[in-house]
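Participant: sequence first, predicted coordinates after that:
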Amino acid sequence: MPAKPAPSKVLDTFPSPNGERDFAIHMRIPEFTCLCPKTGQPDFATLFLDYIPDRKCVELKSLKLYIWSFRNEGAFHEAVTNRILDDLVKALSPRFMRLTGRFYVRGGIFTTVVAEHSKAGWKGKEPAWTGDGSAPERST
């Protein structure tokens with residue numbers, strides 16, 4: 001039975017509610033799947049998306065369907081993480097964006113891939129979250 005709604009490569013956006021201010025958005029996407037390009041076996045990951053929007057934010061349902069669209073595609077961890085970041089940057093033009101892919105074990109090895117983008121001329125501070133979704137420890 002076909003899924004409704006269907007996976008999609010379209011990333012919808014909406015205007016940032018506070019375009020004059022730097023504010024951070026953190027998303028945890030625990031159900032990412034793609035296929036190993038060598039074996040065809042499924043790969044599973046949790047994605048962490050941190051970004052500071054400029055004029056646009058990503059609409060969540062379209063992000064869910066976009067992430068779902070990789071389910072039957074073969075991709076190396078490094079390539080798919082960078083492709084998703086590139087697509088999000090193209091759609092949003094954020095001030096800052098970081099995508100962390102924490103892939104589950106394959107061949108006894110866990111892989112974490114971190115890809116980042118900063119808008120030219122942006123001088124703000126990147127979000128303080130770490131790749132596992134927690135705030136980093138700070139010295140006092």
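Facilitator: Sure, I can see it.
Participant: how about the contacts made by Glu78?
Facilitator: Val113 (C-beta atoms under 8 Å, 6 or more residues apart in numbering). All C-beta atoms are positioned from the backbone trio N, CA, C, and that covers glycine.
Participant: per-residue confidence for it?
Facilitator: Looking at Glu78, its pLDDT reads 97.
Participant: ramachandran angles for it?
Facilitator: phi -60, psi -40 (degrees, to the nearest 10).
Participant: for Trp68, give me the backbone phi and psi.
Facilitator: Main-chain dihedrals, Trp68, degrees, to the nearest 10: phi -60, psi -30.
Participant: count of neighbours near the closest residue to it other than its chain neighbours?
Facilitator: Nearest non-adjacent residue to Trp68, counting by C-beta to C-beta, 6 or more residues apart in numbering: Pro7, 4.3 Å away. Residues lying near Pro7 (other C-beta atoms under 10 Å) number 15.
Participant: in the chain, mark out all the strands, start to finish.
Facilitator: 13-15, 25-35, 42-52, 56-58, 96-106, 109-118 (DSSP state E).
Participant: now those strands in TSV, with distance to Lys64 and mean neighbour count?
Facilitator: Below are the strands of the chain laid out as TSV (distance: least, C-beta to C-beta, whole Å; neighbours: other C-beta atoms under 10 Å):
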stretch	distance to Lys64	mean neighbour count
strand 13-15	14	12
strand 25-35	8	15
strand 42-52	11	20
strand 56-58	10	19
strand 96-106	15	20
strand 109-118	20	15
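Participant: I am finished for the moment; much appreciated.
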